[in-house]
Structures are given as C-alpha cells and as structure tokens.
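Colleague: Below: sequence and its predicted model.
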Amino acid sequence: MINNKRHTGGNVEFSLGDLAERLGVELSGDPRRPIHGISGLGSSKPGTISFLAHSRYRHHLRGTRAAAVILTQEERQHCPVDALISATPYLCYARLTALFAPRFPAAEPIHPSAVVDPGASLGAGVRIGANAVVADGVILGEGVEIGAGSVVLQGSRIGASSRLMPNVTVYHDCVIGERALIHSGAVIGSDGFGFAPDGKEWVKIHQLGRVVIGNDVEIGANTCVDRGAIEDTLIGDGAKLDNLIQLAHNVKVGARTVMAGCVGIAGSVDIGEDCALGGGVGVAGHLSLPPGTTVMGMSLVSSSPPEPGVYAGGLPAAKRGEWQRNALRFRQLDGIAKRLNKLEKALEEGRT
C-alpha cells in the first residue's frame, strides 16, 4: 500500500496573522487560525492555505476546503473563507513556500565518510554530507551545505549559504556566489567541446577558463555548465536554470535570465539580462540576445535578434497527414517564390 505521507523535516504551523505579517499583506479573517501547509485551490485540504492567481480558477473558490486563500481585493467577495489580500497572489504564494519548504540538516557538521583535504577552508556552520569530497584549496563560505556524494575540486570557491544537493560535481577553480542552489547531477566546470583537426584526428583544446556563477543563482538537476576555453563562462546574479540544460564554453548569461528544461546554448553566446528561454530552445554559437528577449519553446535561434521582443520558431504539432503536407509545401517554397518572381517580372514588362 502506498504511503502518501510527506516527510517535511518536522511539523510546521503558523497562525494566519503570523503569515500576514511575514508576507506583508492584509489579513481578512481570524488571525489565530492555524495553517499547517499549502494546497492547490482545486484540491484544497482543511487547515491549509491556497491561492487564486487568475480569475479563470474562481469556480474553485465556492467549494474550497482550505482554511484561507491568497487573492486580490477584487476577488475577496467571491471567497467563502478567510483570506490574505495581495495585489500579486502568485508572488505571495512563491514567498509563502519558503516558510513550508522541508529542510533536512545533517546530524553532524561533517559526516565521518566525507573526505575533506586539510588544505580546504571551511567557514562557520558548514555541513558536508556522506561520501562528499572537498579538495585542496577549496573555500566554503559560512553556512555552505555540500550534499552527500558531491565533489568540489581543487581551488573552487562557494559563497555563504549556498547549497549543493547530493551528487553535484564542481570542477577545479570554479566560483559559485552566495545563496546558490545547485541540484543533483549538475556538473559545473567540465571541459568545453573544443578540438582542432590535424588532417588525421581531432586534437583536444584544453579548456583554461573557469565557470563564475553569481549570487542567488539556481541550477537544475543534470544541467552542465562548461568552463571557458580561455576566458570564463559567466552566469549573472539571480539567473535560474532548469533541469537538463547545456551551457557551452564562454557563454555569458545575464542577471535574472531564466531558462526552461532542455535548452542548449552553443559556445560564446552572450545572453543579456532579464531574458527568458522556453523549453528546448537552441541558440547557435557566437550570437547575442538583447536584454529582455523572450524565445518561445522549441525555437532555434540562428542569428542575433536585432532588438528585444518575443521570438518563436519551429512547426507546431499537427495530425500526421496535415504535418506531412505542410512539410512538403515548405520544401516547395523556394520554387514557388522563383515562379512568382518570374510572373511579377513578366507583368512589369507587359505594362511597359
């Protein structure tokens, strides 16, 4: 039988009034009402708090079992239970999750099976999990957590309050800023893909740069960030990378840029601040994306956009027969364009 109980790392409960104060929002209801979790509006549970991010989900309010709901002042009249009033309910919900997120502190600061080189420098409150390796010259800031099985190689630096989840690998001489969160399977600082042909085989170009990651960056599971060939690969403050992303050598990612899963960025691409790349986007090498650019999912960027905007590419899914006909017509476009040019030229000549 499946056990649906979640391990939260300890029972967490707040009063509704406490939550309103912590989130800086208006309370409408009983400040003493206990809240012990978060639930979705359509699957709400007693004693929890939910949120209404868009009016299209308003119909869920009528039958909600939640103790309270986060919503706007305009939606308050439709809510039959207590509420927290926010102009931005989804953002308020995001901040609320930090209060209920499970934490599993290690039973002891450094697990007996961890290997920590005497030449490493550990700040106050550092925790290192089972079978982790911290090499010579590594500097770990105050409150850093290194998950079980993670490896931090020679000379790398990790800023205060950053966390490596289990089985993260950080190659030599990389820099990770403060409050970073790097998920399992991520590899930071592996060699970029560089080879030169000598006519018979490919000669490896050793990658001499680093990876430098700013503050408040999150990197998803199994994402790879290659070190620079000569200069560094850079990720700016506040950037958020999803799972299974590939950043090639010398890529620059601007502050607060976000990327969804399976994005692939070729070498020496410069992505500006506040960009957003949907899932499966590919960006060809040596291009630039202006700050504030959005690229829709599954698009291929093969030239640098001239200005910020929303860009899209690729053929959407359709029934097989329709898709095959469209693909055939696409292959015929060049011939159609040439015939059209001839017709236009003949018409112009006929007028003269």
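Modeller: Cool, the structure landed.

Colleague: going forward, measure contacts between C-alpha atoms and count neighbours the same way
Modeller: Fine.

Colleague: could you point out where this protein is predicted with low confidence?
Modeller: Residues of the chain meeting the criterion pLDDT under 70: 1-10, 106-107, 352.

Colleague: Break it down into its structural domains.
Modeller: 14-100, 115-311, 319-352 (automatic domain parsing).

Colleague: could I get these as JSON lines with mean neighbour count and distance to P109?
Modeller: As requested, those are exported to JSON lines (neighbours: other C-alpha atoms under 10 Å; distance: least, C-alpha to C-alpha, whole Å):
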{"stretch": "domain 14-100", "mean neighbour count": "18", "distance to P109": "23"}
{"stretch": "domain 115-311", "mean neighbour count": "21", "distance to P109": "4"}
{"stretch": "domain 319-352", "mean neighbour count": "11", "distance to P109": "57"}
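
Colleague: Tell me which of these sits nearest to E108.
Modeller: Set against E108 and scored by C-alpha to C-alpha, these come closest in domain 115-311, at 7.5 Å.

Colleague: tell me how far the closest one is from the chain's mean position?
Modeller: When distances are taken as C-alpha atoms, centre = their mean, to the nearest Å, domain 115-311 is centred 11 Å away from the chain's centroid.

Colleague: cool, and stretch 68-85?
Modeller: 30 Å.

Colleague: Let me see the contact set for the most centrally placed residue in the chain.
Modeller: The centroid of the chain falls nearest to L241 when counting by C-alpha atoms, centre = their mean (2.9 Å). Contact partners of L241, counting by C-alpha atoms under 8 Å, 6 or more residues apart in numbering, are E218, I219, G220, T223, V258, M259, A260, G261.

Colleague: among the residues you listed, which are in strands?
Modeller: Among the contacts of L241, the members found in strands (DSSP state E) are E218, I219, V258, M259.

Colleague: Give me the phi and psi for V251.
Modeller: Per-residue torsions, V251: phi -70, psi 140 (degrees, to the nearest 10).

Colleague: Is it in contact with T233, as I believe?
Modeller: Yes - here V251 reaches T233: they are 5.2 Å apart, a contact under C-alpha atoms under 8 Å.

Colleague: For the longest helix along the chain, which helices and strands make contact with it?
Modeller: Taking DSSP state H as the criterion, the chain has its longest helix at helix 320-351. With contacts defined as 3 or more C-alpha pairs under 8 Å, 6 or more residues apart in numbering; DSSP states H and E, helix 320-351 has no helix or strand neighbours.

Colleague: Report the distance from that helix to the chain centre.
Modeller: The mean C-alpha position of helix 320-351 is separated from the chain mean by 42 Å, C-alpha atoms, centre = their mean.

Colleague: would you list every one of the helices in this structure?
Modeller: Using DSSP H, helices in the chain cover 16-23, 89-100, 320-351.

Colleague: if we compare these, which one ends up closest to G214?
Modeller: Within the helices of the chain, the stretch nearest G214 is helix 89-100; the backing value is 21.0 Å (C-alpha to C-alpha).

Colleague: between the closest one and helix 16-23, how big is the angle?
Modeller: 110 degrees (axes from the mean of the first three to the mean of the last three C-alpha atoms, to 10 degrees).

Colleague: Using CSV, list the CA coordinates for helix 89-100.
Modeller: Output in CSV follows, covering the C-alpha atoms of helix 89-100 (Å, rounded to 0.1, in the frame of the first residue of the first chain):
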residue,chain,number,x,y,z
PRO,A,89,-1.1,36.4,-5.2
TYR,A,90,1.2,34.2,-7.2
LEU,A,91,4.3,36.1,-6.0
CYS,A,92,2.9,36.0,-2.4
TYR,A,93,2.5,32.2,-2.8
ALA,A,94,6.1,31.9,-4.0
ARG,A,95,7.3,33.6,-0.9
LEU,A,96,5.0,31.5,1.3
THR,A,97,6.5,28.3,0.0
ALA,A,98,9.8,29.2,1.7
LEU,A,99,8.2,29.0,5.1
PHE,A,100,6.9,25.5,4.5
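
Colleague: Now the terminal residues of stretch 209-229, how far apart.
Modeller: In terms of C-alpha to C-alpha, to the nearest Å, the two terminal residues of stretch 209-229 are separated by 5 Å.

Colleague: try stretch 300-312
Modeller: 8 Å.

Colleague: do the same with stretch 244-256
Modeller: End-to-end distance for stretch 244-256, by C-alpha to C-alpha: 19 Å.

Colleague: In a markdown table: the domains of the chain, plus distance to E108.
Modeller: Below are the domains of the chain laid out as a markdown table (distance: least, C-alpha to C-alpha, whole Å):
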| stretch | distance to E108 |
| --- | --- |
| domain 14-100 | 23 |
| domain 115-311 | 8 |
| domain 319-352 | 57 |
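
Colleague: May I see the ones in strands among the contacts of L241 arranged in a markdown table, with distance to G155 as well?
Modeller: Below are the ones in strands among the contacts of L241 laid out as a markdown table (distance: C-alpha to C-alpha, whole Å):
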| residue | distance to G155 |
| --- | --- |
| E218 | 21 |
| I219 | 21 |
| V258 | 28 |
| M259 | 28 |
